[in-house]
Structures are given as C-alpha cells and as structure tokens.
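[1] Following is a predicted model, sequence given first.
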Amino acid sequence: MQKISKNELSAFFRSPNHRSYRDFKDQYLRNFLNALQKKYKTMLENNS
C-alpha cells in the first residue's frame, strides 16, 4: 500500500502553471482504483 501526504495530494489538483504542480501518474491511479475496488467489493459481499 502506498501512502500519499496531504501536500503531495494537493499538488495533483493545482493548476499546471503552478510551480508545485505534479502530474497524476498511472501508478497512483491504478493503486487508487484497486483500493476502491477492494473497499466496495467487501461492502457488497457483507450486504449479500
């Protein structure tokens, strides 16, 4: 599991012209989607 600091997370939502702007890399997106999938899969299994 990869942890992202609050400052690093906010850098993804800054304007591309901002000096602290960061591109949202594929790895972050993949990890985020995997975590969502795990969370909601567990919730659906518990509700069934």
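    Nice, thanks for sending it over.

[2] tally of neighbours for residue 16?
    Residue 16 has 7 neighbours, counted by other C-beta atoms under 10 Å. Every C-beta, even on glycine, is put in place using the N, C-alpha and C of the backbone.

[3] what do you get for residue 47?
    Residue 47 sits with 6 neighbouring residues when counted by other C-beta under 10 Å.

[4] so what's residue 28 closest to, chain neighbours aside?
    Nearest non-adjacent residue to residue 28, counting by C-beta to C-beta, 6 or more residues apart in numbering: residue 4, 7.2 Å away.

[5] quick one: pLDDT of that neighbour?
    With respect to pLDDT, residue 4 scores 82.

[6] tally of neighbours for the residue nearest to residue 22 when sequence neighbours are not counted?
    By the measure of C-beta to C-beta, 6+ apart, the closest residue to residue 22 outside its immediate chain neighbours is residue 11, 4.2 Å from it. By the criterion of other C-beta under 10 Å, residue 11 has 16 neighbours.

[7] Go ahead and confirm residue 11 touches residue 20.
    Yes. With contacts counted by C-beta atoms under 8 Å, residue 11 reaches residue 20, the gap being 5.2 Å.

[8] re earlier: where's the residue nearest to residue 22, which helix or strand?
    Assigned by DSSP states H and E, residue 11 falls within helix 6-12.

[9] what does that helix rub up against?
    The contact list for helix 6-12, computed with C-beta atoms under 8 Å, 6 or more residues apart in numbering, reads 20, 21, 22, 23, 24, 28.

[10] any idea how far it is from the chain center?
    Here helix 6-12 is found 10 Å from its chain centre; the criterion is C-alpha atoms, centre = their mean, to the nearest Å.

[11] Just the buried residues of it, please?
    Using 16 or more other C-beta atoms under 10 Å as the test for burial, helix 6-12 gives residue 11.

[12] Give the next helix or strand downstream of it.
    Counting by DSSP H and E, the next helix or strand C-terminal to helix 6-12 is helix 26-47.
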